[in-house]
Every structure is written in C-alpha cells, then in structure tokens.
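# A structural model of the following input is requested.
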Amino acid sequence: AVFYSADGENSATFTVAAGNAPDFHDKPHIVQRDNGNVIVIKVRAKSPLEMKAEWFKDDKPVKFSDRIKSVVKKDDKDKDGYQFLLEIHGPQKEDEAKYKCVVKNSEGQNQQSLNLVFD
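Numbers count the residues shown, from 1 in each chain. Model prediction:
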C-alpha cells in the first residue's frame, strides 16, 4: 500500500494469512446408543476444503477394529460440515482415556479432545 500526503509518500507491505483451517461447530460430545452398548464420540467440523480426521487415544493413534470404528457423515445442518464419529461397541474399562480428534485440510488443522470416563 502506498500513502500520499502533502509531505510526500510512504509505503508499507502487509501480509494477510487467509487460512481456511477446519473449524468446529461446538464442543465434542458423547452419545450412547443401544442401551449403552455403543458409545459415540461426536465431533462436528466445517471447512470449504476437503477435510480428514485422525483420532488419538492418550496421544497415540486409535487402533481401529470391529469394536472401534471411525465414521464420517455429512452434517445435515451445514453444507460445509461433517460429523466425525468414533464408535466404541461394547465399551470396556480400558476404553477410558483422553480422546483427541485432529481435523486437517490443505490449509491447516484444528483439534478437540475429551476424557471418556465410566461411572
């Protein structure tokens, strides 16, 4: 940008980072299904760019199996949004942990975490 005045001119350079890293709709939350036989950790994120999610249990990548699954659904409330779900079938005491969901796109990443504790 160049600024002119009666005293002369001055210039400055601005760098604007217009990042489109994924953003979250709300805090992650836990939903129980099938009388508590399935626990779902739900994260809702949005981005105009393609996103992917990575799940961590106590800062280690989650090991997926027939019992623990990652599911991605289009968010019916937001055209740029997705629901990233971690489904735990037949939850066990060893599933108690700090879970983190890292959502990434080509311009950045964002993360949310929660502690899963059974009473």
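# the chain: strands as residue ranges?
2-5, 8-11, 23-24, 29-33, 38-46, 52-57, 60-61, 68-74, 81-89, 97-105, 108-116 (DSSP state E).
# contacting residues around the fifth one?
Surrounding strand 38-46, the residues in contact under the criterion CB atoms under 8 Å, 6 or more residues apart in numbering are 22-26, 28-33, 51, 53, 75, 78, 80-91, 95, 99, 101, 103, 110, 112, 114, 116. For glycine as for every other residue, the C-beta is placed from the backbone atoms N, C-alpha and C.
# mark which of these are buried, thanks.
22, 24, 28, 51, 53, 81-88, 91, 95, 99, 101, 103, 110, 112, 114, 116 (16 or more other CB atoms under 10 Å).
# mind checking how far stretch 53-73 is from the chain centre?
13 Å (CA atoms, centre = their mean, to the nearest Å).
# keeping just the C-alphas, turn it into CSV.
Taking Å, rounded to 0.1, in the frame of the first residue of the first chain, the C-alpha atoms of stretch 53-73 are listed here in CSV:
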residue,chain,number,x,y,z
ALA,A,53,-9.9,-36.6,10.8
GLU,A,54,-7.4,-38.5,12.9
TRP,A,55,-8.3,-40.0,16.2
PHE,A,56,-5.9,-40.4,19.2
LYS,A,57,-6.3,-42.2,22.5
ASP,A,58,-4.0,-40.9,25.2
ASP,A,59,-1.9,-39.2,22.4
LYS,A,60,-1.5,-42.5,20.4
PRO,A,61,-3.3,-43.2,17.1
VAL,A,62,-6.5,-45.1,17.8
LYS,A,63,-6.3,-48.8,16.7
PHE,A,64,-9.5,-49.4,14.7
SER,A,65,-11.2,-52.8,14.8
ASP,A,66,-14.6,-54.4,14.6
ARG,A,67,-15.2,-52.9,18.0
ILE,A,68,-13.8,-49.4,17.5
LYS,A,69,-14.7,-47.6,14.3
SER,A,70,-14.3,-44.2,12.7
VAL,A,71,-17.3,-42.9,10.8
VAL,A,72,-17.7,-39.8,8.7
LYS,A,73,-21.1,-38.3,7.9
